[in-house]
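Asks: quick check, what structure comes out for this input:
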Amino acid sequence: MNEMNISLFRAINDLGFEYPSLNTPFIFIAEYTVILLALMTLFYWFTRTEKNRYMVMTAGFAFILAEIIGKLAGKLHFNYQPFVELSNVNFLIEKTANNSFPSDHTILFFAFCVAFWLYNKKNILWLLIAVLVGVSRIWVGVHYPFDVITGALIATLCAIVMYFLLPRMPIVRRLLDVYENIEEKVIPRKRKQKDLDQ
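Replies: Numbering: from 1, shown residues only. Okay, here's the model as predicted:
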C-alpha cells in the first residue's frame with residue numbers, strides 16, 4: 001500500500017515539473033478556493049430559503065462529524081507530509097510538518113461540496129471542485145493520495161448521513177425557527193410592493 005501511495009503521489013506531483021505553467025493555478029486551487037466556498041456558503045444561507053438553509057446546515061454538521069472522525073483516524077495512523085518524507089518533491093506552499101492523515105482540507109471540501117450536490121444533483125460542479133481541490137493538495141506536495149482519498153470518503157459518508165438525518169430532527173427545525181425569528185428582527189425581509197401598497 002505504501003509503495004502504491006508513493007507511486008501515485010509521484011505520478012501527480014511530478015506533473016508540476018513537467019508542466020510548470022500549471023503550478024500557479026494549482027497553488028490557487030489548493031490555498032484560496034476555500035474563500036469561494038465560504039462566500040458561496042454565506043450566499044446560500046442568506047437566500048433565506050428553507051432548502052438552502054438545510055443544505056448549509058447539512059454541510060456544516062457533516063464537516064464537524066467528519067473532522068471528529070478524521071482526528072480519530074489520525075490517532076490510528078500517522079504519516080508526515082510528502083515534502084518531509086520524500087526527496088525532490090514539487091513543494092509549492094508553506095506548510096508545517098505534522099500528521100497529514102487524513103487531509104483536513106479535503107474533508108472540508110467534500111463535506112460541503114457533496115452536501116451541496118445532494119440538494120441539487122443536476123449541478124456536478126461542486127463535486128468537480130472537491131475533486132480538483134483534493135488533487136491540488138497532492139500537486140503542491142502537502143498530501144499523499146491516501147490522505148486525500150480517506151478524507152474524501154469520510155466526508156462523503158458524513159454528508160450522506162447528515163442529508164438523510166438532519167431534516168428529520170425536530171430540534172433542528174426548532175433551532176432554525178428561533179434563529180430566523182431573531183434574524184427577522186435584525187435584518188427584516190423586504191416586503192413585496194403589493195403589501196406596501198395596501
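Asks: the residue nearest to the spatial centre of the chain and L176: what is the separation?
Replies: For the chain, the residue nearest the mean C-alpha position is F109 (1.2 Å; CA atoms, centre = their mean). Relative to L176, F109 is positioned 25 Å away (CB to CB, to the nearest Å). Backbone N, C-alpha and C define where each C-beta goes, glycine included.
Asks: any weak-confidence spans in the chain?
Replies: Where the chain drops to pLDDT under 70, the residues are 1, 191-198.
Asks: which helix runs longest in it?
Replies: helix 50-76 (DSSP state H).
Asks: what's the first helix or strand after it?
Replies: Using DSSP states H and E, the next helix or strand after helix 50-76 towards the C-terminus is helix 82-85.
Asks: who touches that following helix?
Replies: F9, N13, N79, V89, F91, K95, A97, S100, G141, V142, H143, Y144 (CB atoms under 8 Å, 6 or more residues apart in numbering).
Asks: leaving out the residues flanking it, which one is nearest to the second one?
Replies: For N13, ignoring the flanking residues on the chain, the nearest one in space by CB to CB, 6 or more residues apart in numbering is N90 at 5.0 Å.
Asks: contacts only, for that neighbour.
Replies: So N90 contacts N13, D14, G16, F17, N23, W139, V140, G141 (CB under 8 Å, 6+ apart).
Asks: for I93, same thing?
Replies: I93 neighbours (CB under 8 Å, 6+ apart): I27, A30, E31, V140, G141, V142.
Asks: go again with 6 Å.
Replies: Contacts of I93 were listed using CB atoms under 6 Å, 6 or more residues apart in numbering, and they are E31, V140.
Asks: what helix or strand is it located in?
Replies: Applying DSSP H and E, one finds I93 in no helix or strand.
Asks: ok, back up a step: narrow the contacts of N90 to those that are buried.
Replies: Buried by 16 or more other CB atoms under 10 Å: N13, G16, N23, W139, V140, G141, out of the contacts of N90.
Asks: including secondary structure and distance to K71, could those residues go into JSON lines?
Replies: As requested, these are arranged in JSON lines below (DSSP: H, G, I helix; E, B strand; the rest coil; distance: CB to CB, whole Å):
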{"residue": "N13", "secondary structure": "helix", "distance to K71": "26"}
{"residue": "G16", "secondary structure": "helix", "distance to K71": "30"}
{"residue": "N23", "secondary structure": "helix", "distance to K71": "31"}
{"residue": "W139", "secondary structure": "helix", "distance to K71": "25"}
{"residue": "V140", "secondary structure": "coil", "distance to K71": "23"}
{"residue": "G141", "secondary structure": "coil", "distance to K71": "23"}
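Asks: from these, which is closest to V148?
Replies: W139 (10.6 Å; CB to CB).
Asks: wait, that closest one sits on F26?
Replies: Yes - with contact defined as CB atoms under 6 Å, W139 reaches F26; the gap is 4.4 Å.
Asks: sorry, back to before: ok, and the most crowded of the contacts of helix 82-85?
Replies: H143 (31 neighbours; other CB atoms under 10 Å).
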